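Give the three-dimensional model of this entry:
(one chain, ligands or ions: 2)
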Amino acid sequence: MMNKKVIVITGASGTGKTTISRYLKEKYNIPQVLTHTTRLPRDGEANCVDYYFETDETFEHNHYLERVEYSGHKYGSSEEGLQKSWDVADIVSIVVDTKGAIAYQEKYGDSAIIIFMKADLDAVAERLKLRGDEKARLEQRIKSQENQRDREVPKEFQRNYYEIVNKDIKKTKECVDRVIEEIKVK
Ligand SMILES: Nc1nc2c(ncn2[C@@H]2O[C@H](COP(=O)(O)OP(=O)(O)O)[C@@H](O)[C@H]2O)c(=O)[nH]1
Ligand SMILES: Nc1ncnc2c1ncn2[C@@H]1O[C@H](COP(=O)(O)OP(=O)(O)O)[C@@H](O)[C@H]1O
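Numbers count the residues shown, from 1 in each chain. Ligands and ions are numbered 1, 2, ... in the order given. Have a look, this model is predicted:
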């Protein structure tokens, strides 16, 4: 089991977590572990592709490795989901908030590779508007206590994590490439 690795992509809203997860899939064929949420799909998002979209009731039918409330919605990831991805690939990725990242680090130790994403606040506001996030929801999300918290590296992180400042997307992807090279030689 321990030649298996999970790349845990974390950071505040709009910092580029999903973008990096997609890049890992496209360039390295690294599958993304899907998680469950009670928030509604955004335009362009689909069930079983971006998330397992749940109601408050169906959300409780799964059992979770870790679960959180984020800006008024529930999110959770399951051990089965991770295992299913590990069945088909040695390196997989998952996108979670920092609380989730801490849980993965605690459970999987060095097999959990943390990438903490950071971006300038003004750039984030602009990018989320372009992403098509509805204005009121966007503001609520940006102001949420969880999102404020996730703008900084939590003190609970153990020393080994990668921090990527996502300004120029080309440079960001180069940073990700270096992370993958490092993981692969380990
Ligand atoms: N801990 C945890 N966080 C999750 C899970 N699924 C998604 N998240 C996080 O929940 C937060 C909100 O996600 P989302 O609604 O997609 O908004 P976004 O960050 O603006 O794309 C993000 O930080 C996600 O990484 C999960 O299963 N567990
Ligand atoms: N470096 C970048 N420059 C410009 N736009 C970006 C950059 N990185 C991501 N984006 C765009 O910003 C929006 C938010 O990125 P996303 O990956 O959805 O963030 P997150 O998953 O962290 O909320 C998306 O529309 C994405 O295409």
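
what's the spatially most central residue of the chain in contact with, if anything?
Nearest to the centroid of the C-alpha atoms of the chain, with distances taken as Cα atoms, centre = their mean, sits residue 95, at 1.6 Å. Neighbour list for residue 95: 9-10, 17-18, 21, 32, 35 [criterion: Cβ atoms under 8 Å, 6 or more residues apart in numbering]. For glycine as for every other residue, the C-beta is placed from the backbone atoms N, C-alpha and C.

Residue 180 reaches residue 28, doesn't it?
Yes. Under the criterion of Cβ atoms under 8 Å, residue 180 is in contact with residue 28, at a separation of 6.0 Å.

among the helices and strands of the protein, which has the poorest mean pLDDT?
Evaluated with mean pLDDT, DSSP states H and E, the helix-and-strand set of the chain has its lowest mean pLDDT in helix 135-143, which scores a mean of 87.

Next, see if that one gets close to ligand 2.
No. If you take Cβ under 6 Å from any ligand atom as the test, helix 135-143 misses ligand 2, and the best it gets is 9.2 Å.

so what pLDDT did residue 128 get?
At residue 128 the predicted local confidence, pLDDT, stands at 90.

how close does it get to ligand 1?
Taking Cβ to the nearest ligand atom, to the nearest Å as the measure, residue 128 falls 7 Å from ligand 1.

I'd guess that residue is in a strand, am I close?
No. Following the definition DSSP: H, G, I helix; E, B strand; the rest coil, residue 128 is helix and is not counted among the residues of a strand.

That one: neighbour count?
Here the number of neighbours of residue 128 (other Cβ atoms under 10 Å) works out to 19.

Skipping its backbone neighbours, what lies nearest it in space?
With sequence-adjacent residues excluded and distances taken as Cβ to Cβ, 6 or more residues apart in numbering, residue 128 is closest to residue 14, at 4.4 Å.

Residues of the protein that sit close to ligand 2?
Proximity of the chain to ligand 2, by Cβ under 6 Å from any ligand atom, involves residues 13-19, 127, 130-131, 166, 169, 172.

For the residue nearest to residue 128, what are phi and psi?
Reported as degrees, to the nearest 10, the phi and psi values for residue 14 are phi 80, psi 10.

Ok, residue 9 next?
Here the main-chain torsion angles of residue 9 (degrees, to the nearest 10) amount to phi -100, psi 120.

Model confidence for it, exactly?
For residue 9, the predicted pLDDT is 98.

That one touches residue 104, doesn't it?
No. Here residue 9 lies out of contact with residue 104, judged by Cβ under 8 Å, at a distance of 10.6 Å.

So those two - more neighbours on which side?
The residue with more neighbours, out of residue 9 and residue 104, is residue 9; 26 against 23, by other Cβ under 10 Å.
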